[in-house]
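Peer 1: Show me how the following folds:
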Amino acid sequence: MAVMRITKHGEKVLKTVSVPVDYDKIKPKLPKLLKDMWKTMYSVNGVGLAAPQIGLNIRLCIIDVKPEGKSQKIVLINPEIIETSGHLEEEEGCLSVPGVYAKVKRFSRATIRALNAEGKPYQMSGEGLLARAFQHEVDHLDGKLFIDRLDFASKLKVLSVIKDLKKNWN
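Peer 2: Sure, this is the predicted structure:
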């Protein structure tokens, strides 16, 4: 297992809509890729990681919000959000924009449909942090960062902070 480099704000892959995964083609490489993604995400204390964040333009992401302190690894291949409700506004950050946090408006509940690591279709609903993680990771697959959801004034402030922080990013 290897810790992979996480792409940072300004890299083209983060603004590109990811292509659907052909499960049969990726299946032989998937176990190693997922192990590397889990190791990478955990190494930086993340709760989610999308393929574009490791430079891959495919619709694949992983999530582990550790409900009740217990690991619950969720693999989402070709995920789509099929239902949302409620509203919340909470502080969010991103591994691709390290050191930057801002309040983001999201749905408080979300249901996704995806393939799991074995290529089987499933649906899952989440509330709170899990719902936010679904939305945040699917945004990555759609070429969006959490800062793209900020109002103009907040975005200007964040971009100013990013400019200063970029000097220290790897």
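
Peer 1: buried ones in stretch 55-70?
Peer 2: 56, 58, 59, 60, 61, 62, 63, 64, 65 (16 or more other Cβ atoms under 10 Å). The C-beta positions use only the backbone N, C-alpha and C, and glycine is treated the same way.

Peer 1: Hmm, residue 148 and residue 158 touching each other?
Peer 2: No. Counting by Cβ atoms under 8 Å, residue 158 does not reach residue 148; the two are 10.4 Å apart.

Peer 1: Give me the pLDDT value at the most centrally placed residue in the chain.
Peer 2: The centroid of the chain falls nearest to residue 137 when counting by Cα atoms, centre = their mean (2.7 Å). Looking at residue 137, its pLDDT reads 98.

Peer 1: So what pairs up with residue 92 in the strands?
Peer 2: On the basis of DSSP bridges, residue 92 is bridged to residue 102.

Peer 1: Please report the distance of it from residue 69.
Peer 2: Residue 92 is 21 Å from residue 69, where distance means Cβ to Cβ, to the nearest Å.

Peer 1: The residue lying farthest from the centre of the chain: helix or strand, and which one exactly?
Peer 2: When distances are taken from the C-alpha mean of the chain, residue 153 lies farthest, 24.2 Å away, according to Cα atoms, centre = their mean. Under the criterion of DSSP states H and E, residue 153 resides in helix 152-165.

Peer 1: next one: that helix to chain centre, how far?
Peer 2: The chain centroid and the centroid of helix 152-165 are separated by 21 Å under Cα atoms, centre = their mean, to the nearest Å.

Peer 1: for stretch 36-52, same thing?
Peer 2: 9 Å.

Peer 1: hmm, who's touching stretch 114-123?
Peer 2: Stretch 114-123 is contacted by residues 21, 23-24, 27, 30-31, 34, 75-80, 82, 111-113, 124 when judged by Cβ atoms under 8 Å, 6 or more residues apart in numbering.

Peer 1: Contact partners for residue 133?
Peer 2: The neighbours of residue 133, taking Cβ under 8 Å, 6+ apart as the test, are 47, 48, 63, 65, 126.

Peer 1: so which strand or helix has the residue nearest to the centre of the chain?
Peer 2: Residue 137 belongs to helix 129-141 when assigned by DSSP H and E.
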